[in-house]
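Student: from the sequence below, what's the structure:
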Amino acid sequence: MANNPTSGSDSVSDFEPTDKAAERRTLFLRVGITVALIGVVLWKLDLADLASKFAKFDPTWTALAFLAVFGAVIVSAWKWGLILGERGYPLPYQRLVHHYFVGLFFNNVLPTTVGGDAVRAWETTKDTGEVPEAMGSVVTERLIAGVALGITALLGLPFVEASPKLLFLVAAFLVIDLVLVGLFLVPKVAEGIVSKLLPPRFAGLRDAVTNTVLVVRATLKNPRLFIKVTLLSILFQIFVAAVNACIFKAMDVPVTLAQCVIYTPMIFTVTMLPISLSGLGVREAAYWYFFSQVGVSQVDAVVCSLAFFIIVGISSLPGAPLFVLNRKRRNALASLQAAEQQI
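Tutor: Okay, here's the model as predicted:
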């Protein structure tokens, strides 16, 4: 393995863009879009009705929704670990879960400052000592998860009455997911994705970007690993759909798990578009549209969307102390090593 590419003093600031003006413009634009979308959604709803829906949540089903989130994290850390292990950089499962919670925290709480995937990948480089392998493992996991989105929606079809419109939606989103993943085969697109994951001081290094892309492509060519990770990604998506199913149960809204398995992947395909803060507004509109197909009211769909965001956000909070403690541990270790060198 290569030497650790960073010192213990590396921090989240490593990911701050060098073009501050461009970052501010992007932030203002996303804030504007988010406010506009949320405004449109709320304008069409009765806020008093919205509040009363939250007040009537069943605590048992709400607790099960939290458990489903943790189940999704457990499965996701497992499949990510398979990729690292296959590449010769296995990490203890506890460490994988640790990094995943840190990434989840940044992804849900500070989405415009630092991408959760970028933080998760960069934290992993401290353990593996390899930038391309750590970054490549995260990109590979995300790409295979993208394939699983469309496949998961297909799995729910045998358990519902599939109308021609539903069949068209599922087929269309399967194609969209495959196309989005296929874009990684285009060199410039692949390099652009990787560059956004790397901190600025590495993103400009051609070798770092190129080697990460090579790692991803080599990993995707492993059929046994691809199948394993795809199956676990489908299980992950079912857990995510279960979060929505539990929320609807908590609201006493008749939506089945199979219906959530079909529509949840479609919703999160739409929210992959990086046009608002944490997908706010885009996600609510998507919930509104897709769950209206099974008779869910506008207010119930929006409440489910907001509840999902809140539950995942709360579930990600352990990532904050884990990140701080890990940073302190590395700084202490760096200080001890420096002191030993002076002796």
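Student: excluding sequence neighbours, find me the nearest residue to Thr264.
Tutor: Of all residues not flanking Thr264 in the chain, Ala241 sits nearest, at 4.2 Å (CB to CB, 6 or more residues apart in numbering). C-beta here means a position set from N, CA and C on the backbone, and glycine is covered the same way.
Student: where does the one you found land in three-state SS?
Tutor: helix (DSSP: H, G, I helix; E, B strand; the rest coil).
Student: wait, it touches Thr256, no?
Tutor: No - with contact defined as CB atoms under 8 Å, Ala241 does not reach Thr256; the gap is 10.2 Å.
Student: those two - which one has more neighbours?
Tutor: The neighbour count for Ala241 versus Thr256, taken as other CB atoms under 10 Å, is higher for Ala241 (27 against 15).
Student: dump the residue contacts of that one.
Tutor: For Ala241, the contact set (CB atoms under 8 Å, 6 or more residues apart in numbering) comprises 152, 156, 257, 260-261, 264-265.
Student: for Cys246, same thing?
Tutor: Cys246 makes contact with 61-62, 64-65, 68, according to CB under 8 Å, 6+ apart.
Student: find the nearest non-adjacent residue to it, please.
Tutor: Nearest non-adjacent residue to Cys246 (CB to CB, 6+ apart): Ala65, at 3.8 Å.
Student: touching, that neighbour and Phe239? I think so.
Tutor: No - using CB under 8 Å, Ala65 makes no contact with Phe239, being 10.6 Å away.
Student: so between those two, which is more surrounded?
Tutor: Between Ala65 and Phe239, counted using other CB under 10 Å, the more crowded position is Ala65 (24 against 18).
Student: quickly find the element holding that one.
Tutor: Using DSSP states H and E, Ala65 sits in helix 59-86.
Student: for that helix, list every residue counted as buried.
Tutor: 61-62, 64-65, 68-69, 71-73, 75-84, 86 (16 or more other CB atoms under 10 Å).
Student: what angle do the strand or helix carrying Ser305 and helix 59-86 make?
Tutor: If you go by DSSP H and E, Ser305 is part of helix 298-315. Relative orientation of helix 298-315 and helix 59-86, computed by axes from the mean of the first three to the mean of the last three CA atoms, to 10 degrees: 60 degrees.
Student: mean confidence for helix 298-315?
Tutor: Across helix 298-315, pLDDT averages out at 92.
Student: rewinding a little: and the contacts of Ala241 as CSV, adding pLDDT, distance to Pro187 and neighbour count?
Tutor: Converted to CSV, the contacts of Ala241 look like this (pLDDT from 0 to 100; distance: CB to CB, whole Å; neighbours: other CB atoms under 10 Å):
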residue, pLDDT, distance to Pro187, neighbour count
Thr152, 94, 29, 25
Gly156, 91, 36, 23
Leu257, 96, 41, 18
Cys260, 96, 37, 25
Val261, 96, 35, 25
Thr264, 95, 32, 28
Pro265, 93, 28, 31
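Student: now for those: which two are most distant?
Tutor: Among these, the pair separated by the greatest distance (CB to CB) is Leu257 and Pro265, at 13.2 Å.
Student: check contacts around Trp61.
Tutor: Trp61 sits next to 246-247, 249-250 when contact means CB under 8 Å, 6+ apart.
Student: could you redo the residues you listed as a markdown table and give each row pLDDT and distance to Ala190?
Tutor: Shown next, in a markdown table, are those (pLDDT from 0 to 100; distance: CB to CB, whole Å):
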| residue | pLDDT | distance to Ala190 |
| --- | --- | --- |
| Cys246 | 98 | 37 |
| Ile247 | 97 | 36 |
| Lys249 | 97 | 41 |
| Ala250 | 97 | 41 |
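Student: filter those residues down to the ones in helices?
Tutor: In helices, judged by DSSP state H, the following of these are found: 246-247, 249-250.
Student: which of the residues you listed has the most neighbours?
Tutor: In terms of neighbours by other CB under 10 Å, the ones in helices among the contacts of Trp61 top out with Ile247 at 28 neighbours.
Student: distance of it relative to Val147?
Tutor: As for Ile247, its distance to Val147 is 26 Å (criterion: CB to CB, to the nearest Å).
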